[in-house]
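> Just a sequence and a predicted model for now, questions to come.
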Amino acid sequence: MTEKVTPYKNSELGKKEQVTQMFDTISENYDGLNRVISFGIDIKWRKKVVELVAETNPDAILDIATGTGDLAIALAETSASRIVGLDISAGMLEVGKYKVAQKKLSDTIEMLLGDSEALPFEDNVFDAATVAFGVRNFENLEKGLGEILRVLKPGGKLVILETSVPEKFPFKQGYYLYTKNLLPLIGKLFSKDRSAYSYLSESASVFPHGENFNNILRKIGFIEVINKPQTFGSATIYVATKKS
């Protein structure tokens, strides 16, 4: 069973409220810190997600936990005429809306405030759904994944990009050294909320990855589930399909 990790241990708020508060706080620094923390490799990972989604020639895509819209903007390179970026953090969305406008993509990309565990859409709406570094923030993982399954069209594809823990020496040891010591320090130096970056590393370390996460997707009802480790296993791309 996955350990419940929350960003603020003494808060009376639930995980969902805490995560929202945390991302609102760090929204202005989030993009720059992401590039520093991942050494820019996250851009390469997102490109692979876009390639996998593009294979389906989607018309409508839902990007859940869109944050500041990096993946939603990248998905504009696909055949989609409609992309919805949904996030629970108003602060992150404000940054995202500005970026979308700057890219002149407002006619294609809609940035929407919403809860991944109660998606404001009818059944069978989207050809594809994506989540980048967001599923570990779901308060109820199975409920959130079930909602994604519901709004996908039959045959629709889900592509998830999420951090994972390398399993081989010396990458596993290096990963723990970096995430437990260096990542929170970087957060402290560049952000006013060090707790946020401690949470991000802790949540990644306890989140199920690899075959364990594949099995959760299958339990929800997805088929053709595969996982693709990236950069020595420090991240993983999961691909799954809704039964036709």
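Perfect, thanks for sending it. Numbers count the residues shown, from 1 in each chain.

> separation between Lys47 and Ser116?
Applying C-beta to C-beta, to the nearest Å, the value for Lys47 to Ser116 is 23 Å. (C-beta placed from N, C-alpha, C; glycine too.)

> just Ala74 next, same as before
Taking C-beta to C-beta, one finds Ala74 at 19 Å from Ser116.

> before we move on, what about Tyr30?
The spacing between Tyr30 and Ser116, counted by C-beta to C-beta, is 18 Å.

> ok, back up a step: what about Ala74 and Ser116, which has more around it?
In this view Ala74 and Ser116 are compared by other C-beta atoms under 10 Å, and Ser116 has more residues nearby, 24 against 19.

> Restricting to C-alpha, output the host helix or strand of Asp42 in CSV.
Assigned by DSSP states H and E, Asp42 belongs to helix 41-54. The C-alpha coordinates for helix 41-54 follow below in CSV (Å, rounded to 0.1, in the frame of the first residue of the first chain):
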residue,chain,number,x,y,z
ILE,A,41,16.0,16.4,-19.4
ASP,A,42,12.2,16.9,-18.6
ILE,A,43,11.9,18.6,-22.0
LYS,A,44,13.2,15.5,-23.8
TRP,A,45,10.8,13.3,-21.8
ARG,A,46,7.8,15.4,-22.7
LYS,A,47,8.8,15.2,-26.4
LYS,A,48,8.5,11.4,-26.1
VAL,A,49,5.0,11.8,-24.6
VAL,A,50,4.0,14.0,-27.5
GLU,A,51,5.3,11.4,-30.0
LEU,A,52,3.3,8.6,-28.4
VAL,A,53,0.1,10.7,-28.4
ALA,A,54,0.7,11.9,-32.0
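
> Next, the buried residues of that helix.
42, 45-46, 49-50, 52-53 (16 or more other C-beta atoms under 10 Å).

> just stretch 146-161 next, same as before
The neighbour-count check on stretch 146-161 (16+ other C-beta under 10 Å) flags 147-153, 156-161 as buried.

> So which of those residues belong to strands?
152-153, 156-161 (DSSP state E).

> For the chain, give me the ranges with low pLDDT.
Across the chain, residues meeting the criterion (pLDDT under 70) sit at 1-13, 32-39, 168-169, 171-172, 174-179, 181-201.

> Try it again at 50.
1-2 (pLDDT under 50).

> what ranges do the strands span in it?
Counting by DSSP E, the strands of the chain are 60-64, 82-87, 109-113, 126-132, 152-163, 223-230, 235-241.

> and of these, who's closest to Pro170?
Closest approach to Pro170 among those is made by strand 223-230 (16.1 Å; C-beta to C-beta).

> gap between the closest one and the chain center?
Here strand 223-230 is found 15 Å from its chain centre; the criterion is C-alpha atoms, centre = their mean, to the nearest Å.

> how far off strand 235-241 does that strand point, in degrees?
Following axes from the mean of the first three to the mean of the last three C-alpha atoms, to 10 degrees, one obtains 160 degrees for the angle between strand 223-230 and strand 235-241.
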